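**Q** Fold the following, please.
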Amino acid sequence: MVPLLILGLTELIVVLVNLGIVAGVIGGVVYLVRRVTDSGDDERIEELEAEVEELREERDSGERTSGDG
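**A** Residues are numbered from 1 along each chain as shown. Prediction:
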């Protein structure tokens with residue numbers, strides 16, 4: 001194995017590995033917390049999709065009636 005000739009390089013590598021581990025743990029915790037505390041966005045999205053569909057139907061029926069006359 002080639003010795004690391006730059007002073008402090010070994011310590012720097014150890015510090016960076018430790019920071020990577022800590023960042024991974026924090027990222028995992030944040031991910032799990034956000035996943036557990038789902039704010040019910042799915043219900044809101046379904047409501048908005050239904051409203052958009054109603055508006056499209058109104059627009060289409062309005063175009064048909066104005067196009068017939």
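**Q** make it CA atoms for all contacts and neighbour counts henceforth
**A** Will do.
**Q** Any idea how many residues pack against Thr10?
**A** Number of residues near Thr10 (other Cα atoms under 10 Å) recorded here: 13.
**Q** Look up phi and psi at it.
**A** Phi and psi for Thr10, reported as degrees, to the nearest 10, are phi -60, psi -50.
**Q** same thing with Ser39?
**A** The phi and psi values for Ser39, taken as degrees, to the nearest 10, are phi -90, psi 10.
**Q** how close does it sit to Val33?
**A** Ser39 sits 11 Å away from Val33, taking Cα to Cα, to the nearest Å as the criterion.
**Q** and if you look at Val25?
**A** Val25 is 12 Å from Val33, by Cα to Cα.
**Q** mind listing what's buried in whichever strand or helix holds Gly62?
**A** Per DSSP states H and E, Gly62 falls inside helix 41-68. For helix 41-68, a neighbour-count test (16 or more other Cα atoms under 10 Å) marks nothing as buried.
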